[in-house]
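Q: here's my sequence, what's the structure:
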Amino acid sequence: QVQLVESGGGLVQAGGSLRLSCLHSGGTFSSYAMAWFRQAPGKERDLVAAINWSGSNTYYADSVKGRFTISRDNAKNTVYLQMNSLKPEDTAVYYCAARISRVAVKLERYDYWGQGTQVTVSS
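A: All right, here's what the predicted structure looks like:
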């Protein structure tokens, strides 16, 4: 059974940076497309960024383009989300997700989820 464990969330001032990590276990990591979603209170869970198995193909939500970078290290079974120039509207619980095969933008296409990590950006 695939398990995903996120880390790296916390409280940061606007303009600051955080790096989230997601450790994948229980499967062949390089077989999975990986993604980061986020959910703010009272809102839907939305895709932030996604990456294919090799890292050669990435997708970003318009709201984070130019500020966030998704990457992966298949040797470490880990996917990262580097978040720069953070804004208060980035405050949310961030979830790591995995699916076999290609990147997808819809959350229902992802089969495995982490427990989430809170990111809070103060103004």
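
Q: how about the strands in this protein?
A: 3-7, 10-13, 18-25, 32-39, 46-51, 58-60, 68-73, 78-83, 92-100, 112-113, 117-122 (DSSP state E).

Q: residue 106: which of those is closest?
A: strand 46-51 (7.8 Å; Cβ to Cβ). For glycine as for every other residue, the C-beta is placed from the backbone atoms N, C-alpha and C.

Q: so what's residue 98 bridging to?
A: residue 34, residue 112 (DSSP bridges).

Q: which residues touch it?
A: Counting by Cβ atoms under 8 Å, 6 or more residues apart in numbering, residue 98 touches 2, 4, 24, 27, 32, 33, 34, 35, 110, 111, 112, 113.

Q: one more: residue 40?
A: Contacts of residue 40 were listed using Cβ under 8 Å, 6+ apart, and they are 91, 92, 93.

Q: how close does it get to residue 87?
A: 12 Å (Cβ to Cβ, to the nearest Å).
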